[in-house]
Structures are given as C-alpha cells and as structure tokens.
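J.: What follows is a predicted structure for the sequence shown.
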Number of protein chains: 2
Amino acid sequence: MNVDAATSRTIPPDADPDAPKRVPRKQSREARRQQLIEATIAVLAERGYARTTLTEVARHAGLSHGLVIFHFQSKERLLEETLLFLSEEYRENWAAALAAAPDAPAAQLDALLRADFMPPICAPDRLAAWCGFWGEAQSRPMYQDKCSVNDDDYNAVIEGICARLVRDGGYAADPVLAARVLRVTVEGVWQDMMTMTEPYSADEGLRTVMACAQAFFPDHFTLAGLRR
Amino acid sequence: MNVDAATSRTIPPDADPDAPKRVPRKQSREARRQQLIEATIAVLAERGYARTTLTEVARHAGLSHGLVIFHFQSKERLLEETLLFLSEEYRENWAAALAAAPDAPAAQLDALLRADFMPPICAPDRLAAWCGFWGEAQSRPMYQDKCSVNDDDYNAVIEGICARLVRDGGYAADPVLAARVLRVTVEGVWQDMMTMTEPYSADEGLRTVMACAQAFFPDHFTLAGLRR
DNA sequence: TTATTTTGACTGAATTGTCAATCAGAATGT
DNA sequence: ACATTCTGATTGACAATTCAGTCAAAATAA
C-alpha cells in the first residue's frame, strides 16, 4: 500500500535479474492509483471534504478526471481507498515504533505517543485529510467500518500498556480511562494544530501529550518524555 | 441568540398590557430564522456537512427552499449563522455554569467541565453538527473567524482557573498545558461519542474527563468530580 | 390597499459517471 | 533491427443529475 511496494511491482516476478530497470508503461496500475490517492489527500487538505471533486483531484495529479473513474470506479471508492490508505499508514507507523521500543511499558507508551508526532504521520496534509474524514465519518457508516479494526487495535494496545504500567508502577489510576485520555489528547492536539487561529508546533504538541502522561504516570514521565 | 430570547422579543417593549397576544412580523422573522437554523443543525447531524443541501433543510422544516434563501441570502450565510448560533449557545452555557459556581478554582473547573456534558450542549444533534463543522473549519477561514473569539475566551478562562488551582493547590504542573489537555479531552470525548463503533454514554465521558482532572489535580478531584 | 412572507417553477453552473476513440509501449514476427 | 499487432491506460466529449440562487406570482397579515 506504499509507494515502494508499488514500484517494486513494476518488475514482474519472472523478470530477468540482469535486466536493469524496467519502467513499464507511462505508469503502472498500482503507481497510478497511489498517485491519485496522494492527490486526493492533498485536495482534501487544501479544500476540505465537501469541496473535493474528481476534477480537482485529477487536475492536481495532472491527469483527466475520466482516469480517476477508470481506476476507482466511483468517487465514493476513491475516498474509501484514500481513508484506508491513511488508516494503514497510521497503523504501520505506530506498530513499527512499538516493535522498535524496549519491552518496558513506560518505554512502549513513550514510543507510541512519539510515533504520532513523527513524519510522515504528522505532516500537514495528512492531518488535514484526517480532520476532513472525521467530520464526515459520523454520518457515513462505511467510513467507520473501514477504520474500526485499526482503531480498536490501537485502543487495545494503549490500554494494555497502561494496564501494565499501572500494575508495575503501583499507580491507582483506571488504565482504561488513562488510555482513553491519552488517545483523545493526541487527537485533540492534532486538531488544534489544524484549526487554531495561531497553532502551535508539533514539538509543543508532543510536550502537551507528555504533560498528560506525566500527570497520570509521574514516576515514569516528564515534560520531555520518558524519565530515565 | 436562543429560542427564549427570540420568543421574548415577540412582545415589543411598548406593548399594550391588555392587548392579548400581538404576534408582530419581525418576531415571526426571527422565529423563522431560528427554525431554519435548528433544521440545519438536524440535517448536519443526519447527513453530514458535505451532503447538507438547502432543499433538505427546507424539507426538514416543512418549508420551501426558496424561503431559506429569502431569510439567509445564501447557503454560506445559513451555515455561518448556524455555526455562530452553536458557538454562542456553547459560550452561554459554560459562562452560566461558571457564574453559578463558587469562586474557588477547583469548584470553577468542576463546573466548567460539567457544563459540557449537560443538555442542551451535549445533545446528539449538537455534537454531530459541531463535528461536521470541525471537519470543514480547517479549509474555511471564515469558520475560524466566527468562533475564534469564543474559543479564545474559553481558553483564557480555563487557563486562568488552572493557573489559580496550581498556585493555590501547590501543584507543579504547567497550567497552560494542563488547561489544554483538559480542553482537548472534552473535545475528544465528544468525538468518541459521535464516531466510535460502540460509543459510551455522556456519564462515562464525564468520568473520563474527571479522571484527567484527577491526574493533574489529585488533591481536588476524584473520578466523581470535585473532592469535598 | 400595502407590505411582507412564501411558494414553486425555472436557470445556470458544477459534478459524477459513460464511452468511443486514441495512444504508448510490449510482445511478436520477420 | 524493423514492422506489425495487441493490450490496456488515457483522454475528452457527452449525458444525466443535482443543486444554489432567481423571480414572478400568490398568499397572508396589517
């Protein structure tokens, strides 16, 4: 679902190993789809969900709007696949951060929270596109369906980490509530960065989240993150 | 800007006391506008921002769509005034709660947080309409303009309360960050209640917010709210 | 009557989706 | 190397629909 994967597909499985770089068509099917999804994200960020049109997406990609339908059948499907891509990208980002972190619950939580403030997740167009979808998700069950699995997984992970941290660290807080507060704080800070008249930086956003972690787990966190 | 205010306006200050019910035109005008704004909120909640049409708003109010234009000149203006109404309603609600609370900072914070979970603010259609606007606000400077004053005031108030609470209560936290976390937690809980596959109740939402307050100000708050 | 509100038909613009024609490159043949 | 065929990506014109906004006429109240 990422660009590299699409690029690698341009070389057929039975390709001659010494054949250098086969650049098949003007663009391969997967690469075009990915290009159009990126264009959709950009238009969502620039104009908002309600004013996102196929023509604008196509124009942004330098292609005809007929091609968008050719690749995605309908506007609905294009938006679905865009949301799915963002959802997967987000999931892969935090999952990778988690896998790279030490096993101690505080270190895991630190990695999980930091992951949301790293590129490519914390890029302006990504955040803006997310906000656009959030606004529509409530009235479109399909959008909830597309993301609920990833959302539930994230929830389960952060709740599990908080439960371990509460137990091992001797805290009294309810881990479910603590996990929920941390999650919505990240989301809220993102939204601040998109909608406030004078938004703060991603650094300040992360500091805010760490202040929240410190409030719940003062022995393990400071404003700068994991206490060491 | 609320219904009662509009209704009270129906009786002019110089009205004859024994004249039973004068139903002046201008009042009818305000009542219609209010009716259409309520219909707009309902449609926003039901179909989302992108699929909100004048025809649907009019149908919901049992009126013709030409009348919507007659009263609001354009769809843009209708949505602006709807947002303005919601913003004022929200502001009046927390301002009233604050005025009714004791002057102690912990009591003020408790009142401020509870206010967001009381009707009419915490009604499903209100929350859903807010979410719809949030999604579009990023790409529409006009929406930010309309609300920024009220938003900034809320921010200043909750920061001030947190600053007093930190000082008087001997806490070490940064009051600006604590205030920000509390604010985005309320917003995030609202969004949860709108978009989650199996949302929790307003009570559970308030408990979550109080868990956050407890984390920052454990001497003054419990899961049930203000410690007494 | 006069002023205001309300309707509903109409217009013009925007937008999604269709489709036949075109075109670029790959495969195949010579 | 060169020409021919084939495939499927790409275009752009077109149809159908939806929707915001206009307006003349009707209804209603003063």
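T.: Received the coordinates, thanks.

J.: only C-alpha atoms for contact and neighbour calcs from this point on.
T.: OK.

J.: Now for residue A:131, how many residues are close by?
T.: For residue A:131, the neighbour count with other Cα atoms under 10 Å in any protein chain shown is 28.

J.: touching DNA strand C at all, the strand or helix carrying it?
T.: If you go by DSSP states H and E, residue A:131 is part of helix A:124-137. No: judged by Cα under 7 Å from any atom of the strand, helix A:124-137 makes no contact with DNA strand C; its nearest approach is 15.0 Å.

J.: For the following helix or strand past that helix, which residues meet the burial criterion?
T.: Beyond helix A:124-137 on the C-terminal side, the first helix or strand identified by DSSP H and E is helix A:141-169. When burial is assessed from 16 or more other Cα atoms under 10 Å in any protein chain shown, helix A:141-169 yields the following buried residues: A:143-144, A:147-148, A:150-151, A:154-155, A:157-166, A:169.

J.: Now narrow those to whatever sits close to chain B.
T.: Filtering the buried residues of helix A:141-169 for proximity to chain B by Cα under 8 Å from any Cα of the partner chain leaves A:144, A:148.

J.: before we move on, the earlier item: by how many degrees do the helix holding residue A:131 and helix A:141-169 diverge?
T.: Helix A:124-137 and helix A:141-169 are oriented at 110 degrees to each other (axes from the mean of the first three to the mean of the last three Cα atoms, to 10 degrees).

J.: If you count contacts, what does helix A:124-137 end up packed against?
T.: helix A:29-47, helix A:75-100, helix A:175-195, helix B:124-137 (3 or more Cα pairs under 8 Å, 6 or more residues apart in numbering or on different chains; DSSP states H and E).

J.: try 6 Å this time
T.: Applying 3 or more Cα pairs under 6 Å, 6 or more residues apart in numbering or on different chains; DSSP states H and E, one finds that helix A:124-137 contacts helix A:29-47, helix B:124-137.

J.: Can you tell me the centre-most residue of chain A?
T.: Centroid check for chain A by Cα atoms, centre = their mean gives residue A:90 as the closest residue, at 2.8 Å.

J.: Kindly provide the distance from that residue to residue A:46.
T.: Distance, residue A:90 to residue A:46, using Cα to Cα, to the nearest Å: 20 Å.

J.: just to revisit the earlier point, what separation do you get for the residue nearest to the centre of chain A and residue A:151?
T.: Using Cα to Cα, residue A:90 is found at 10 Å from residue A:151.

J.: Just say helix, strand or coil for the spatially closest residue to residue A:217 that is not a sequence neighbour.
T.: Spatial nearest neighbour of residue A:217, excluding adjacent residues (Cα to Cα, 6 or more residues apart in numbering or on different chains): residue A:171 at 7.3 Å. Using DSSP: H, G, I helix; E, B strand; the rest coil, the structure places residue A:171 in coil.

J.: Count the neighbours of residue A:171 for me.
T.: 15.

J.: Show the low-confidence segments of chain A, by residue range.
T.: Counting by pLDDT under 70, chain A shows low-confidence ranges at A:1-27.

J.: which parts of it sit against chain B?
T.: A:47-48, A:50, A:131-132, A:135-136, A:138-139, A:177, A:184-185, A:188, A:194-195, A:208, A:215-216 (Cα under 6 Å from any Cα of the partner chain).

J.: one more time with 7 Å
T.: A:46-50, A:131-139, A:144, A:148, A:177, A:181, A:184-185, A:187-189, A:194-195, A:197, A:208, A:211-212, A:215-216 (Cα under 7 Å from any Cα of the partner chain).

J.: If you go by neighbour count, which of those residues are buried?
T.: A:46-50, A:131-139, A:144, A:148, A:177, A:181, A:184-185, A:187-189, A:194-195, A:197, A:208, A:211-212, A:215-216.

J.: Could you check how far the residue nearest to residue A:217 is from residue B:193?
T.: Separation of residue A:171 from residue B:193 (Cα to Cα): 27 Å.

J.: what's the answer for residue A:182, then?
T.: For residue A:182 relative to residue B:193 (Cα to Cα), the value is 16 Å.

J.: Look at these two and report which has more neighbours.
T.: Per other Cα under 10 Å, whichever of residue A:182 and residue B:193 has more neighbours is residue A:182, with 25 against 21.

J.: show me what contacts that one?
T.: Counting by Cα atoms under 7 Å, 6 or more residues apart in numbering or on different chains, residue A:182 touches residue A:212.

J.: What's the local residue count around residue A:65?
T.: The local packing of residue A:65 (other Cα under 10 Å) involves 16 other residues.

J.: again, but for residue A:70
T.: The burial count for residue A:70: 9, using other Cα under 10 Å.

J.: Over to residue A:102?
T.: Neighbours of residue A:102 under the rule other Cα under 10 Å: 11.

J.: With adjacent residues omitted, what lies nearest to it?
T.: residue A:108 (6.5 Å).

J.: For the helix or strand hosting that neighbour, which helices and strands make contact with it?
T.: Residue A:108 belongs to helix A:105-115 when assigned by DSSP H and E. Using 3 or more Cα pairs under 7 Å, 6 or more residues apart in numbering or on different chains; DSSP states H and E, the elements in contact with helix A:105-115 are helix A:75-100, helix A:141-169, strand A:225-226.
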